[in-house]
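[1] Let's see this in three dimensions:
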Amino acid sequence: MSDRTDDETAIQAVLDSSYKAWAAGDADGMVADYTADATAIMPGSLRAGRDVIRDNMARSFAGPLKGSSTANQQLSIRFLGPGAAIVVSESGILFAGQTEVPDTGKVYATWVFEKRDGRWLIAAYHNSPARAPGQ
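    I've put the predicted structure just below:
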């Protein structure tokens, strides 16, 4: 098996940059490393395209997500050949004033990365509640 340390580091840098942009309420920065045709799927929502994702995040940062950040723990990374990777994480939104994400706010997320022109980019994102309602 080949050493993918450089790729793992580059992917983590993309994620870290996105998390920092979220904390700054910067929708442009948050999607800077998304492909133009990226998709984001969350329960009840499909956002198709980087511009749509950015516009939705800008509205959210001006409203219910104002002053929020995220808590993220990478659970795994799996490479699918030289130009694709899947990252699985446990994440949650820390709303203004919160120091911990409540169990009901935790999600499992899947990030699909694609290497284009030597650069790792987010091609798709999907999340689902970590706990089903009532569990």
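[2] other SSEs contacting the top helix by length along the chain?
    When the chain is parsed with DSSP state H, its longest helix is helix 5-23. Applying 3 or more Cβ pairs under 8 Å, 6 or more residues apart in numbering; DSSP states H and E, one finds that helix 5-23 makes contact with helix 27-30, strand 69-79, strand 84-94, strand 107-116, strand 119-129. Any C-beta I mention is one placed from the backbone N, CA and C, and that applies to glycine too.
[3] In JSON lines: these, plus distance to residue 39 and mean pLDDT.
    Compiled in JSON lines, these are given as follows (distance: least, Cβ to Cβ, whole Å; pLDDT from 0 to 100):
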{"stretch": "helix 27-30", "distance to residue 39": "15", "mean pLDDT": "97"}
{"stretch": "strand 69-79", "distance to residue 39": "19", "mean pLDDT": "96"}
{"stretch": "strand 84-94", "distance to residue 39": "14", "mean pLDDT": "96"}
{"stretch": "strand 107-116", "distance to residue 39": "9", "mean pLDDT": "97"}
{"stretch": "strand 119-129", "distance to residue 39": "5", "mean pLDDT": "96"}
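[4] Minimum distance to residue 38: which of these has it?
    strand 119-129 (5.6 Å; Cβ to Cβ).
[5] Note down every partner strand of that closest one and its orientation.
    Applying DSSP bridges, strand 119-129 is found paired with strand 34-42 (parallel), strand 107-116 (antiparallel).
[6] Fine by me, we can end here.
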